[in-house]
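A.B. asks: Following is a predicted model, sequence given first.
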Amino acid sequence: MSPMPRRRFLQYSCASVAATCVPNRSSAAPKEVGSGRHQVGRKIIVEDARKIYSTRGEKLQYNSFTNMALWRGTYYIVTRQAVHHGPSESRIVLLQSRDLRKWDSRVIIDTETDDRDPKLFATQNRLIVYSDAFHGGGPQEQIMARYTGDGQTWSELQPIYKPAWQLWKPKTYQGVHYVAADCIRCGHVVRLLRSDDGISWTDVAEITADNKPTETAISFDTAGRMYAVVRQNTTGHPPRALVSEPPYHDWKHADGTGHFSGPAIERVGQTLVVASRTLLPDWGLKSAAPLGPQRTALYTLNTENLRLELQAILPTEQGGDSSYPGILPLSDRQALVCWHDGSRQYASPNPSNIWLARIRIND
């Protein structure tokens, strides 16, 4: 989904010596951010970032909406390949690599609908690819899925859960799979689902129905508390962070400010790492010309007050459409982050490429 115009309540700046953000009451000119990575806080260090996949010049050159998994020694990234960000001719492509350098690609889902928002989910026995299928360009959507048990042979495409619902990024805790599902056509509500196999999902509880919630990512701490970060489709798309104790029926929350969309959250060691789209002016930063203001940002989630603390801005070539990241923990201190980086969201042609970064947690 594309960002909407934002009514700015506060302008923020983040000091380079701290990870938290405070209101900007200085008259100094905002710091200019170029195309490279930009370090803000000290808790997440971006060690390396590079473009790994592009179809620039082809008809379907808009690669976007990424998610990542490591399954049986192979790294996988899933992406939507289309004409542009909005409804268009599209398909779901699966990238795979053994060494994070050479990537092979294959079309994994290609229906006659607008295929979009793919997700990857690695269980002990299966690698599952989910995708939203929008039928006939209308509002009706259906989650579809394929899975493999050996990395070579894939199941037939099948519908998952209920029509009109969107699954975000599933997670596993103590052998049970969980996912946040949202439904705009149902009056904007996000619900928690659970599953034993990643295919059949049942309802657990409502997570939130305030402020037109949609894209919702979840993760767990070591004590089993579940955290959720939510895109809210009110003016400016501000974030909401929530926490719940087992059995995950009751949720506490805190709302933030600034644009937040396409979120991902993962626990890396003891740190909850969050990634999303952001707008540089929301943090008192200025984009260097001719780049646009959009970036993919990395945060830590403060579990004491449920506040997002900006740590780093990932690179861009255009600053026009950068978001929908995936996070893959590698150890207690290292993780990979994939994201897409493109130009104008509804322009055609609209080249968008897949990037990959290695990050380090600096406790």
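C.D. replies: Alright, I've got the coordinates.
A.B. asks: buried stuff in stretch 103-116?
C.D. replies: 103, 108-109, 111, 113-116 (16 or more other CB atoms under 10 Å). Using the backbone N, CA and C atoms, a C-beta is placed for each residue, glycine as well.
A.B. asks: Over to stretch 344-362?
C.D. replies: Counting neighbours by 16+ other CB under 10 Å, one finds that the buried residues in stretch 344-362 are 345, 347, 350-361.
A.B. asks: Same question for stretch 194-213.
C.D. replies: Applying a neighbour-count criterion of 16+ other CB under 10 Å, the buried positions in stretch 194-213 are 194-195, 198-199, 201, 204, 207-208, 211, 213.
A.B. asks: Tell me which of those residues fall in helices.
C.D. replies: Among those, DSSP state H puts none in helices.
A.B. asks: Farthest-apart pair in the residues you listed, please.
C.D. replies: Ile199 and Asn211 (31.3 Å; CB to CB).
A.B. asks: burial of the closest residue to Leu280 other than its chain neighbours, as a residue count?
C.D. replies: Closest residue to Leu280 apart from its sequence neighbours, by CB to CB, 6 or more residues apart in numbering: Pro293 at 4.7 Å. Number of residues near Pro293 (other CB atoms under 10 Å) recorded here: 17.
A.B. asks: if we can go back for a sec, in CSV, list the buried residues of stretch 194-213 along with distance to Arg98.
C.D. replies: Below are the buried residues of stretch 194-213 laid out as CSV (distance: CB to CB, whole Å):
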residue, distance to Arg98
Arg194, 33
Ser195, 29
Gly198, 24
Ile199, 27
Trp201, 31
Val204, 37
Ile207, 37
Thr208, 40
Asn211, 43
Pro213, 38
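A.B. asks: now, which of the residues you listed sits nearest Gly284?
C.D. replies: Of all the buried residues of stretch 194-213, Asn211 has the smallest distance to Gly284: 24.1 Å, by CB to CB.
A.B. asks: Provide the strand pairings for the strand or helix carrying Leu328, with the direction of each partner.
C.D. replies: According to DSSP states H and E, Leu328 maps onto strand 321-329. Here strand 321-329 is paired, per DSSP bridges, with strand 334-342 (antiparallel).
A.B. asks: Which helix or strand lies directly C-terminal to the strand it pairs with?
C.D. replies: strand 352-361.
A.B. asks: Looking at pLDDT only, which of the buried residues of stretch 103-116 scores worst?
C.D. replies: Scanning the buried residues of stretch 103-116 for pLDDT, the smallest score is found at Thr113, 87.
A.B. asks: residues in contact with the residue lying closest to it once chain neighbours are set aside?
C.D. replies: On the basis of CB to CB, 6+ apart, the spatially nearest residue to Thr113 that is not a chain neighbour turns out to be Ala133, at 4.4 Å. With contacts defined as CB atoms under 8 Å, 6 or more residues apart in numbering, the neighbours of Ala133 are 111, 113-115, 141-144.
A.B. asks: One more pass at 7 Å, please.
C.D. replies: For Ala133, the contact set (CB atoms under 7 Å, 6 or more residues apart in numbering) comprises 111, 113, 115, 141-142, 144.
A.B. asks: And for Leu157?
C.D. replies: Going by CB under 7 Å, 6+ apart, the list of residues near Leu157 reads 109, 144, 146.
A.B. asks: ok so, going back, show me the contacts of Ala133 that map onto strands.
C.D. replies: Among the contacts of Ala133, the subset assigned to strands under DSSP state E consists of 115, 141-142, 144.
A.B. asks: low-scoring stretches of the stretch 51-200 of the chain, by residue?
C.D. replies: Within the stretch 51-200 of the chain, the stretches falling below the threshold (pLDDT under 70) are 135-140.
A.B. asks: Can you show me the strands along it?
C.D. replies: Counting by DSSP state E, counting those that start in this stretch, one finds strands in the stretch 51-200 of the chain at the ranges 62-71, 74-82, 90-97, 104-109, 114-122, 127-134, 141-148, 158-160, 166-167, 171-173, 176-183, 189-195.
A.B. asks: a markdown table please, covering the ones you listed and showing distance to Thr222.
C.D. replies: Supplementary listing: the strands of the stretch 51-200 of the chain in a markdown table, determined by distance: least, CB to CB, whole Å:
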| stretch | distance to Thr222 |
| --- | --- |
| strand 62-71 | 20 |
| strand 74-82 | 25 |
| strand 90-97 | 30 |
| strand 104-109 | 34 |
| strand 114-122 | 20 |
| strand 127-134 | 25 |
| strand 141-148 | 29 |
| strand 158-160 | 30 |
| strand 166-167 | 25 |
| strand 171-173 | 10 |
| strand 176-183 | 16 |
| strand 189-195 | 20 |
